[in-house]
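> Show me the folded form of this:
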Amino acid sequence: MSMTLSTRRDLAGTGISVTGEVDLKNSGELRKELLAALAAGRPVAVELSQVAYIDSSGIAALVEAYQTARRQGLAFTLADVSPAVLRVLKLARLDQVFDLVRSSPADPP
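Residues are numbered from 1 along each chain as shown. All right, here's what the predicted structure looks like:
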């Protein structure tokens, strides 16, 4: 399965929806999209509900974007994180680092 990215920009910032599998073959594309969104100087939210798999290169892209956002004083959130992604984030204890949000306030992360 491949990865697809869908980006939308509005007054609140940039939203990037990621679908499929994020691995070494395509994590560079994710990294490029995340850093380009942050270069605009606006908050970024990454929607991950449709990600079936993510490896360390995908996590590294998210961490680099998070660090870039912090340096720029921008919000960087991971929204609707899939169970597969959450498992990896928890394993690396990154669930305590990233701002994880859900679309529905009734379902805490």
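
> ok, and Arg70, which helix or strand is that part of?
Secondary structure here is read from DSSP states H and E; on that basis Arg70 sits in helix 56-72.

> Show me what that helix is in contact with.
Outside of helix 56-72, the residues within contact range by CB atoms under 8 Å, 6 or more residues apart in numbering are 22-24, 27-28, 30-31, 34-35, 38, 41, 43-44, 46, 75-76, 78, 88-89, 92, 94, 97-98. Heads up, the C-betas are built off the backbone N, CA and C, glycines and all.

> ok, now with 7 Å
Counting by CB atoms under 7 Å, 6 or more residues apart in numbering, the neighbours of helix 56-72 from elsewhere in the structure are 22-24, 27, 30-31, 34-35, 38, 41, 44, 75-76, 88, 92, 94, 98.

> Please name every helix or strand in contact with the following helix or strand past that helix.
With elements assigned by DSSP H and E, the helix or strand that comes after helix 56-72 is strand 76-79. Here strand 76-79 is seen to pack against strand 44-54, helix 56-72, strand 99-101 when contacts are counted using 3 or more CB pairs under 7 Å, 6 or more residues apart in numbering; DSSP states H and E.
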